[in-house]
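Chemist: Here's my sequence, what's the structure:
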Amino acid sequence: MIQDYEIFRNEEPQKKRSPWIELIMALVFIQTLLFLLPSGSTAADAVPADAVQIRIIANSNTKEDQQIKSLILQELQPLFQKAANTVQTTDQLELELTQVSAEITQKAQAITEQAIHISLEEALIPPKSDGTYFYPQGFHQALVLTIGNGKGDNWWCALFPKVCYQEEEQTVKEEPVKFWTWEWIKKKFW
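Modeler: Below is the predicted model:
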């Protein structure tokens, strides 16, 4: 005869996750990874390494000095556009900017009494973001216009090829984010 064995029963019911919950958790994990991974497009795609950049550095960060920087930019913008439209290569652009540097200095001096220093050199361009791309700090060929002490915020633009960005003018209205699963659920049940 077979002996009776004592049967031990687990009084706690086993918890089993639904396959749907596991699927949702996996999708959330994958989506999180996609947000954390860098996108395929970078600032290097937007601004080539040989692009000539323009950098206008304000005297300081006071409101008055920043307004002077903006006025000088507005005054010089047509000169920059004219120079970029008349050339085919970066070497030609550098030559054109060198030729109009006296006119650039004269127009800037007409706006402010502070000292104006202009140079076309390999300059350190600080990191910037234009909303679409992040541009890391680096040395680039640039026309640098320094107003006074040059200790304020700067404006910059890649002039050739024609890729100009201004953080001050970025008033893009963002649309609210919509999730297709939530929209589908609302459509089905509400």
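Chemist: contacts, neighbours, all on C-alpha from now
Modeler: Noted.
Chemist: Could you list the low-pLDDT ranges of the chain?
Modeler: The model of the chain has pLDDT under 70 over residues 1, 13-17, 38-50, 130-131, 159-173.
Chemist: In it, where's the longest helix?
Modeler: If you go by DSSP state H, the chain has its longest helix at helix 63-85.
Chemist: And that one, what does it pack against?
Modeler: strand 52-57, helix 90-99, helix 101-111, strand 154-160 (3 or more Cα pairs under 8 Å, 6 or more residues apart in numbering; DSSP states H and E).
Chemist: Tell me which residue lies nearest the centroid of this protein.
Modeler: S129 (2.2 Å; Cα atoms, centre = their mean).
Chemist: Of the helices and strands packed on helix 63-85, which stretch is the most buried?
Modeler: Most buried of the helices and strands packed on helix 63-85 by mean neighbour count (mean count of other Cα atoms under 10 Å) is strand 52-57; its value is a mean of 23.
Chemist: for it, the distance to its chain's centre please.
Modeler: 16 Å (Cα atoms, centre = their mean, to the nearest Å).
Chemist: that older thread, got a list of contacts for the longest helix of the chain?
Modeler: 56-60, 93, 96-97, 104, 107-108, 111-112, 147, 152-153, 159-162 (Cα atoms under 8 Å, 6 or more residues apart in numbering).
Chemist: run the last query once more with 7 Å
Modeler: Applying Cα atoms under 7 Å, 6 or more residues apart in numbering, the external contacts of helix 63-85 come out as A58, N59, L93, E96, L97, I104, A108, I111, L159, F160.
Chemist: With stretch 103-114 instead?
Modeler: Residues from elsewhere that reach stretch 103-114, judged by Cα under 7 Å, 6+ apart: I72, L76, I116, I147, G148.
Chemist: Okay then, goodbye and thanks.
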